[in-house]
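Asker: sequence-free structure coming up:
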């Protein structure tokens, strides 16, 4: 009888020990699971942050923090297709900093980079609709894409751009007749037609042609390229 009670007591003790061990193990597993979930959540957040950072770097100009050339082309192509589908106007504005090479020679590359940053911020402050884009097109050239914006509206914004950058009151190169930093601005507008062979590259070509004319005319001015979409690309430049 005593042996049986002893066995029973041993079994009860073993069961209690097992219960305590199981309870402690469950607690440890719960803590470990919680820690793993927190670690997984942290790693997921870090990966998402890294993905967004990579995406931003792939579409953003590293110096000025506006869109880069590749993003400009992708955005313009998308907006061109949308404008052609909906029969809406699409406008481009190109901005070139006057006498920028002379500015770099006179004040140094770092000062030139600071100017590019300020111009980029200034342009970003002027446009901000979902269908608008500010991009650094090439070196000292910037470009704006303006969805659902007609010629007069684009010219008005172009003049605001020219005036806003002049009003930054940044010192110009000694070659600048104004004594302050100025820009040449050109704009082109089109209403893409479904049956037309025109492409968004024609819009770029017209705006850049007008930009060269604005620079050749002394800078600090806005030129508008008037386009006809019924025949071959045709460029007529005027200041209004």
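Answerer: Received it, and whenever you're ready, just let me know what you need. Keep in mind that what you see is a predicted model, and the values were worked out from it rather than measured. Numbers count the residues shown, from 1 in each chain.
Asker: what residues go with each domain of the chain?
Answerer: 1-59, 69-238 (automatic domain parsing).
Asker: and those, which one's lowest on average pLDDT?
Answerer: When the domains of the chain are compared on mean pLDDT, domain 1-59 scores lowest, with a mean of 62.
Asker: just the pLDDT for the spatially most central residue of the chain.
Answerer: By C-alpha atoms, centre = their mean, the mean C-alpha position of the chain lies nearest to residue 67, the distance being 3.0 Å. Residue 67 carries a pLDDT value of 96.
Asker: roughly how far does the residue nearest to it when sequence neighbours are not counted sit from residue 144?
Answerer: Once flanking residues are discounted, residue 67 sits nearest to residue 135: 4.0 Å by C-beta to C-beta, 6 or more residues apart in numbering. C-betas here are computed from N, CA, C, even on glycine. Separation of residue 135 from residue 144 (C-beta to C-beta, to the nearest Å): 8 Å.
Asker: which ones are touching the residue nearest to residue 67?
Answerer: Going by C-beta atoms under 8 Å, 6 or more residues apart in numbering, residue 135 touches 61, 66-69, 71-72, 75, 142-145.
Asker: among those residues, which ones are in strands?
Answerer: Counted as lying in strands by DSSP state E, out of these, are 142-145.
Asker: for those, which single residue is the most surrounded?
Answerer: For the ones in strands among the contacts of residue 135, the largest neighbour count, defined by other C-beta atoms under 10 Å, is 30 neighbours, found at residue 142.
Asker: so that one touches residue 117, yeah?
Answerer: No. Using C-beta atoms under 8 Å, residue 142 is not in contact with residue 117, being 11.6 Å away.
Asker: which positions in the host helix or strand of residue 125 come out as buried?
Answerer: Following DSSP states H and E, one finds residue 125 within helix 109-126. Neighbour counts over helix 109-126 (16 or more other C-beta atoms under 10 Å) mark 112, 115-116, 119-120, 122-124 as buried.
Asker: how far off centre is the helix or strand containing residue 101?
Answerer: Applying DSSP H and E as the criterion places residue 101 in helix 100-107. Mean-position distance between helix 100-107 and its chain equals 27 Å (C-alpha atoms, centre = their mean, to the nearest Å).
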